[in-house]
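Novice: let me see the structure of the following:
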Amino acid sequence: MKVEYVNPFVNAAFSVIEMAIGLKPEKGQLGMRPAVFTSQQCNVITGVTGQIEGQVIYGMSLITADKVASQMLGQPIRTFDQLAASAIAELGNMITGNAMALLSEAGYICDITPPSIIRGTNVKISTLSIPSLVIPICLEIGEIELTVSLKER
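Specialist: Numbers count the residues shown, from 1 in each chain. Next up is the predicted model:
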């Protein structure tokens, strides 16, 4: 996978998280996987179509998801409900939308699919043939695992 596909997502994630959550993220240790895989409890999945295609997953624990949603909504979230799910999905949508703008500036014409949330324990999400890069985004309230799995069409 080309670094020019990944950097827009990292840059967008950092700027959106600072703006929407008000926390300064730090990048954790990068990792490669042969295919998209996550075992996080709460995952926002967005598809990318166009000149570049694949999936991007924003995964986190339910505790982190509750804290992120609380920060975004400005009110405490005690259980992961529809309002919390909407906030988390919107975070993924904002990051991916901003990344699409950055990819467009680099000459790649792409679009995104609406975000989907998959949550629960022992849930595995995978694609068959696209390797993925995993970028942990460390926040003082938890970690968001950014998994980018894209290839040129």
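
Novice: and the nearest residue to Cys42 once chain neighbours are set aside, how far from Ile88?
Specialist: Residue nearest to Cys42 in three dimensions, not counting chain neighbours: Ala65, with 4.1 Å by CB to CB, 6 or more residues apart in numbering. (Glycine included, C-beta is placed from N, CA and C.) Applying CB to CB, to the nearest Å, the value for Ala65 to Ile88 is 5 Å.

Novice: ok, which stretches of the chain are helices?
Specialist: In the chain, the helices defined using DSSP state H lie at 3-21, 62-73, 82-105.

Novice: dump those to TSV, plus distance to Glu143 and mean neighbour count.
Specialist: Formatted as TSV, the helices of the chain follow (distance: least, CB to CB, whole Å; neighbours: other CB atoms under 10 Å):
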stretch	distance to Glu143	mean neighbour count
helix 3-21	12	18
helix 62-73	7	20
helix 82-105	14	19
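
Novice: need the ones you listed in CSV (columns: mean pLDDT and distance to Thr121).
Specialist: Below are the helices of the chain laid out as CSV (pLDDT from 0 to 100; distance: least, CB to CB, whole Å):
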stretch, mean pLDDT, distance to Thr121
helix 3-21, 94, 24
helix 62-73, 95, 9
helix 82-105, 96, 16
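
Novice: of all those helices, which one is nearest Val123?
Specialist: Among those, the nearest to Val123 by CB to CB is helix 62-73 (11.7 Å).

Novice: chain center to the closest one, what's the gap?
Specialist: Offset of helix 62-73 from its chain centre (CA atoms, centre = their mean, to the nearest Å): 14 Å.

Novice: contact partners of it?
Specialist: With contacts defined as CB atoms under 8 Å, 6 or more residues apart in numbering, helix 62-73 is touched by 20-23, 41-42, 60, 76-80, 83-84, 87-88, 90-91, 119, 139, 141-144.
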